[in-house]
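K.L.:
show me the folded form of this:
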Amino acid sequence: MQIDPQAGKPATPAMLVDVPRLVSAYFTNQPIMSQPGQRVSFGTSGHRGSSLDNGFNELHILAITQAICLYRQQQGVDGPLFLGIDTHALSIPACASVLEVLAAHGVDVILAEGEEYTPTPVISHAILVYNRGRRSGLADGIVITPSHNPPREGGIKYNLPNGGPAGTKATEWIERRANELLEANMNGLRRIPLSRALSLSTTHRHDFMSAYIADLSDIVDLQVVRDAKIRLGVDPLGGAGVHYWGRIAERYALDLTVVDEQVDPTFRFMSVDWDGQIRMDPSSPYAMQRLIALKDRFDLSFACDTDHDRHGIVAKSVGLLPPNHYLCVAISYLFSNRPEWSQGVAIGKTVVSSQLIDRVASSLKRTLFEVPVGFKWFSDGLFDGRLGFAGEESAGASFLRRSGKVWTTDKDGIVPVLLAAEITARMRRDPGELYQAMTHELGEPVYQRVDIAATPEQKERLKKLSTRDVRSKELAGEVIRDIQVQAPGNGAPLAGVKVQAEHGWFAARPSGTEDIYKIYAESFKGPDHLQQIIEAAQHLVADALASPAAQSTLAAER
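P.N.:
Down below sits the predicted model:
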């Protein structure tokens, strides 16, 4: 991929979103339903888009919320709905739209007190705590966030009573009903004015922050962190957890410094990501330049994205850890230092995460549960305790309480970074040093993701590939051992393909929001072999997309 000349440098005034224009477009622009990019579409983490492109406007949010209300009725979910928002400019107006519809449907809505922002994992945690021991009157939730995406974006996702992101069946149902309402010019929409919605007895306030922070000692050993007196630095990246970190430091007497507490919907304080966009991605070395520059000031520093469901770890020894590196360290540590966890508890990973995790799981004699991209595939396993840890290569993870009980079933950026502090305190080595020691024993992989331009038709073909569409017998000079179009853990479609040889692999899948497909590749033989895999992957995918079988499959579905 081509790196923008501005990558890693401070954002310039010309890059900043015009917030008044963005918010105005939310209320005034209307989607054209004949344009696919302007319809409601739930990807791996809800519906996302920009009001400036007619992809995230008031009509979208009204329609989605009504569809969620109808889905709740169909499923018999009649408890309260926990509603959280992040710091993106479109989140506050979208929250107003959501509340107007929920109130009109008589839903008990629980908002943060003091107009506080609410991280995604805090909503998942609140749902699970409320539902504990209940068999009826179950709660669910909505989080208004486009995650780490640029400031012009908005997003909304629905969380089920199990605390996790809604699965494919639910999102397809909600998406279909929302689009039907839009196509009917919103005929049948139920909403009431915001002022009235706020005054109703069904609208409640809750101290999410205190409840979540008070429970943290049940999942991470913060006493060992305090006693070790390690110096911690955190950059909330202007996100929803911005006010949480000071409270965490105070409650647990940690030597923790919040390096920046400003909230600005333009995110002008960010350094620019690889493609010239402002993006609050804590795993990007370009977006994380500000914290990386402070590496030697702290024993360990970290950041979370805008809704605090992704983590980034900066270790004094190595700087910013790639997500795969930290996942391996976290898994190895947790399964060796959580004696109350059952021996049957498994390790969850996505098919595009590092294969070093497989080797770690084997060394621990633990079962590996491998699923497609999307944290929703882990939620049930975390909920019932079958998975001790679940993680994605994109820096999303969650794990069980120290007792072996469920913590969250959505991604949690806060507890992985606090775990990194526990690891550093107890092991007297930071995660970077531990990863280096691990690779001496298990092998050192190199990993890369590449984005390739693709037409909508090519993306559809890639989703429908079968194993017979990959006609090559070799990958970068090695015999192909396995071709997958379904995840080995749960048999769910990959919406793409994964090809494995002895010392390397690649996976290819279409983007849900852009006209690209993504190649994920890894080699245990070094950078040169990795580049051979990537080149071979591009040829293999191009040949597969051009194969008669792939084209006939697409034609048959049409």
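K.L.:
the strands in the stretch 401-550 of the chain, which residues?
P.N.:
Along the stretch 401-550 of the chain, counting by DSSP state E, counting those that start in this stretch, strands occupy 446-453, 474-475, 478-479, 482-486, 493-500, 504-510, 516-523.
K.L.:
quick one: contacts for residue 441?
P.N.:
Applying C-beta atoms under 8 Å, 6 or more residues apart in numbering to residue 441 gives the contacts residue 363. From N, CA and C alone the C-beta is placed, and that goes for glycine too.
K.L.:
against which helices or strands is the longest helix along the chain packed?
P.N.:
Taking DSSP state H as the criterion, the chain has its longest helix at helix 527-546. Packing contacts for helix 527-546, counted by 3 or more C-beta pairs under 8 Å, 6 or more residues apart in numbering; DSSP states H and E, involve strand 446-453, helix 456-463, strand 474-475, strand 493-500, strand 504-510, strand 516-523.
K.L.:
tell me the angle that helix makes with strand 493-500.
P.N.:
130 degrees (axes from the mean of the first three to the mean of the last three C-alpha atoms, to 10 degrees).
K.L.:
related to what we said a few turns ago, may I see the helices and strands packed on helix 527-546 organised as TSV, with mean pLDDT added?
P.N.:
Output for the helices and strands packed on helix 527-546, formatted as TSV (pLDDT from 0 to 100):
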stretch	mean pLDDT
strand 446-453	92
helix 456-463	88
strand 474-475	94
strand 493-500	94
strand 504-510	95
strand 516-523	94
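K.L.:
and among the ones you listed, the most buried is which?
P.N.:
Mean neighbour count (mean count of other C-beta atoms under 10 Å) peaks for strand 504-510 among these, with a mean of 25.
K.L.:
quick one on the thing from earlier: would you turn the helices and strands packed on helix 527-546 into JSON lines with distance to residue 274?
P.N.:
What follows is the helices and strands packed on helix 527-546, written out as JSON lines (distance: least, C-beta to C-beta, whole Å):
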{"stretch": "strand 446-453", "distance to residue 274": "10"}
{"stretch": "helix 456-463", "distance to residue 274": "22"}
{"stretch": "strand 474-475", "distance to residue 274": "26"}
{"stretch": "strand 493-500", "distance to residue 274": "22"}
{"stretch": "strand 504-510", "distance to residue 274": "19"}
{"stretch": "strand 516-523", "distance to residue 274": "14"}
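K.L.:
where exactly do the helices run in the stretch 1-150 of the chain?
P.N.:
For the stretch 1-150 of the chain, the helices defined by DSSP state H, counting those that start in this stretch cover 19-28, 58-75, 91-104, 120-131.
K.L.:
next, format those helices as CSV and append mean neighbour count.
P.N.:
Compiled in CSV, those are given as follows (neighbours: other C-beta atoms under 10 Å):
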stretch, mean neighbour count
helix 19-28, 16
helix 58-75, 22
helix 91-104, 22
helix 120-131, 26
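K.L.:
distance to residue 475 and mean pLDDT for these - can I get that in CSV?
P.N.:
Formatted as CSV, the helices of the stretch 1-150 of the chain follow (distance: least, C-beta to C-beta, whole Å; pLDDT from 0 to 100):
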stretch, distance to residue 475, mean pLDDT
helix 19-28, 45, 98
helix 58-75, 42, 98
helix 91-104, 43, 98
helix 120-131, 37, 98
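K.L.:
can I get the ones you listed in JSON lines with distance to residue 300?
P.N.:
Converted to JSON lines, the helices of the stretch 1-150 of the chain look like this (distance: least, C-beta to C-beta, whole Å):
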{"stretch": "helix 19-28", "distance to residue 300": "34"}
{"stretch": "helix 58-75", "distance to residue 300": "39"}
{"stretch": "helix 91-104", "distance to residue 300": "30"}
{"stretch": "helix 120-131", "distance to residue 300": "20"}
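K.L.:
which one of these lies closest to residue 292?
P.N.:
helix 120-131 (24.3 Å; C-beta to C-beta).
K.L.:
about what we covered before: between the helices of the stretch 1-150 of the chain, which one is closest to residue 546.
P.N.:
helix 58-75 (36.0 Å).
K.L.:
could you give the angle of the closest one to helix 19-28?
P.N.:
60 degrees.
K.L.:
so helix 58-75 versus helix 91-104, what angle?
P.N.:
Using the same axes, to 10 degrees: helix 58-75 against helix 91-104 is 40 degrees.
K.L.:
what lies in contact with helix 58-75?
P.N.:
Residues contacting helix 58-75 (C-beta under 8 Å, 6+ apart): 26-27, 30-31, 40, 47, 49, 78, 81, 93-94, 97-98, 100-102, 105, 107, 140, 142, 156, 158, 170, 173-175, 177-179, 181-182, 186, 189-191.
K.L.:
show me the contacts for residue 137.
P.N.:
Residue 137 sits next to 78-79 when contact means C-beta under 8 Å, 6+ apart.
K.L.:
whoops, residue 470 was the one
P.N.:
By C-beta under 8 Å, 6+ apart, the neighbours of residue 470 are 480, 483, 497, 499, 540, 544.
K.L.:
can you check residue 121 too?
P.N.:
For residue 121, the contacting residues are 212, 308-309, 398, 408, 410-415, by C-beta under 8 Å, 6+ apart.
K.L.:
so what's it closest to, chain neighbours aside?
P.N.:
Nearest non-adjacent residue to residue 121, counting by C-beta to C-beta, 6 or more residues apart in numbering: residue 412, 3.5 Å away.
K.L.:
from what I can see the one you found touches residue 398, true?
P.N.:
Yes. Under the criterion of C-beta atoms under 8 Å, residue 412 makes contact with residue 398 at 4.5 Å.
K.L.:
how about the residue nearest the centre of the chain, nearest residue that isn't a chain neighbour?
P.N.:
Nearest residue to the geometric centre of the chain (C-alpha atoms, centre = their mean): residue 396, 5.2 Å. Nearest non-adjacent residue to residue 396, counting by C-beta to C-beta, 6+ apart: residue 411, 3.7 Å away.
K.L.:
ok, residue 87 - how many residues close by?
P.N.:
When neighbours are counted by other C-beta atoms under 10 Å, residue 87 registers 23.
K.L.:
ok, now residue 114?
P.N.:
9.
K.L.:
the residue nearest to residue 433 when sequence neighbours are not counted: which element?
P.N.:
Of all residues not flanking residue 433 in the chain, residue 317 sits nearest, at 4.8 Å (C-beta to C-beta, 6+ apart). Assigned by DSSP states H and E, residue 317 belongs to neither a helix nor a strand.
K.L.:
all good on my end, thank you.
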